[in-house]
Structure formats: structure tokens, C-alpha cells
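Chemist: After the sequence you'll find the predicted model.
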Amino acid sequence: MFPCVTAFVAIALQGPKVEFDKTQLDKLARFTRESERLAKDKYTSIADVLGISKEGLTDVKIIIDFNYDGVAATSGKVIRVSAKYAAGHPDDTGCVYHELCHAAQAYPRYDPVWLVEGIADYARWFVYEPESKRPVVKKSKANARASYRTTGAFLDWVLRTKDKEIVHQMNKALHDDVYKEELWKEYTGSTLDELAEQWKATLSD
Ligand SMILES: [Zn+2]
């Protein structure tokens, strides 16, 4: 008959409801846990991808950084991952693999950028991530020097069809600071531009 009175009494007895939504913290915890596992399980295997000795790998420190506004970045042995990005993309631990690759690369110079990033993304997309997630490059966008996943796909093609040591060789040249474009012809028999055109011819839109 007087349901409002009953409800009022119940609220008065229980007090106001206080609720915590820890969804973002839980996602951040998931990203951190999976990243830690990934780093422990996979970091040393990156030496095989680059063709270097495991003993030569630098120590790394991964910081989930609340003050970093990018996605992730590596400077020397320190990898920073944006806490905001991590909470928003809890399953994107592949970005940590990419950064671990930079730590392993340990080049004296970040040049040429497209190749440094291309090698890190080759490692990520063609060695670490499952085949189903591999980038598909369209013919119209196929620029070997486009960096990141596009260059990664180009490196994968060169490795499969021309020279299975190409990533090892380019990694060594960059590490020893002796990279020059002529190396592509020396290692594969074709210039970088010729390779890029041949690769493009295999793609479709
Ligand atoms: Zn990178």
C-alpha cells in the first residue's frame, strides 16, 4: 500500500551506495602481467631474429608510465609504455615486443628510420604475432621505405624470395654503423628500388 515508505526505510538503513569501477585498473593490470610474461619468454629469442648472440642483449627496464603521452618508446635500455594506452589496449602486448626489438637492436644511430622501424615491425608481425594478424599491404600503398609494418612486409618478402639472411645482414650493418643502400645489391643482386618494384608486382589492391 505504501511502497515508497518501505523503500525509504531501506535506503535510510543502508546509507548511500558507493561503487568502485576498477575496469581500467584491471585492464592495466592485464597488460602489465602479459607484457611481463612476454618479455621474460621472448626477449632472448629476438637475438635469433636479428642474428646476434643472446649474450649481447642489453638489460631492459619496462616502465608503465603515467606521464608519457605517446604509445611506447625505447631509449637505450628503458622502454616506456603509456599507462593510458595500456589500459585502453590491454591486448596489444605486441607493441612491447616491438620495443624489446629496439632494445636488442641497440644501434648507434636511429638512421635510416624506415629500416630501423621496419626491422622491429618485421620481428613483431612476421615472427611474434599470429599469421592471421599479419598486415596485408596493398599494391597502391607498397612503398618499401614506408617504415613500420609496410617495410616489415617488404623485408619478409626479400627474406622469403631473395636472401634469407637479409634481416641479419641489415641488422649487422646498422649495428656496426656501416649501412648504405648499396648493400641491398651486394646481398641480393638487386638494388633497393629494383627489389621494391619486384615486391610491388607481387601485390594486389
Ligand atoms: Zn619503433
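Modeler: Happy to help now that I have it. Quick caveat, the model's predicted, so the values are computed rather than measured.

Chemist: Run through the residues of the protein sitting next to the ion.
Modeler: When proximity is defined by C-beta under 5 Å from the ion, the chain lies next to the ion at 117, 120. All C-beta spots, glycine's among them, are computed from the backbone N, C-alpha and C.

Chemist: out of all of them, which helix in the chain is the longest?
Modeler: In the chain, assigned by DSSP state H, the helix with the most residues is helix 23-42.

Chemist: Domain parsing of the protein, as residue ranges.
Modeler: Domains of the chain are assigned by automatic domain parsing as 22-106, 108-205.

Chemist: could you redo those domains as a markdown table and give each row mean neighbour count?
Modeler: Rendered in a markdown table, the data for the domains of the chain read as follows (neighbours: other C-beta atoms under 10 Å):
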| stretch | mean neighbour count |
| --- | --- |
| domain 22-106 | 17 |
| domain 108-205 | 17 |
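
Chemist: Export these as TSV, with columns for mean pLDDT.
Modeler: Compiled in TSV, these are given as follows (pLDDT from 0 to 100):
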stretch	mean pLDDT
domain 22-106	97
domain 108-205	97
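
Chemist: Trp184 against Thr191, yeah?
Modeler: Yes. In this structure, Trp184 sits in contact with Thr191. The criterion is C-beta atoms under 8 Å, and the distance is 6.0 Å.

Chemist: quick revisit: next secondary structure after the longest helix of the chain?
Modeler: Using DSSP states H and E, the helix or strand that follows helix 23-42 towards the C-terminus is helix 46-50.

Chemist: And the contacts of that next one?
Modeler: Helix 46-50 is contacted by residues 53-54, 56-57, 97, 100-101, 104-105, 119, 122-123, 127, 167-168, 171 when judged by C-beta atoms under 8 Å, 6 or more residues apart in numbering.

Chemist: do the same with stretch 109-126
Modeler: Taking contacts as C-beta under 8 Å, 6+ apart, the residues outside stretch 109-126 that touch it are 46, 49-50, 94, 97-99, 101-102, 105, 107, 133-135, 145-156, 159, 167, 170-171, 174, 177, 179.

Chemist: Filter these down to just the ones in helices.
Modeler: Filtering the contacts of stretch 109-126 for membership in helices, criterion DSSP H, returns 46, 49-50, 94, 97-99, 101-102, 105, 148-156, 159, 167, 170-171, 174.

Chemist: Need the per-residue pLDDT for Gln14.
Modeler: Looking at Gln14, its pLDDT stands at 80.

Chemist: Look at it and say how many residues are nearby.
Modeler: Other residues lying near Gln14 total 8 when counted by other C-beta atoms under 10 Å.
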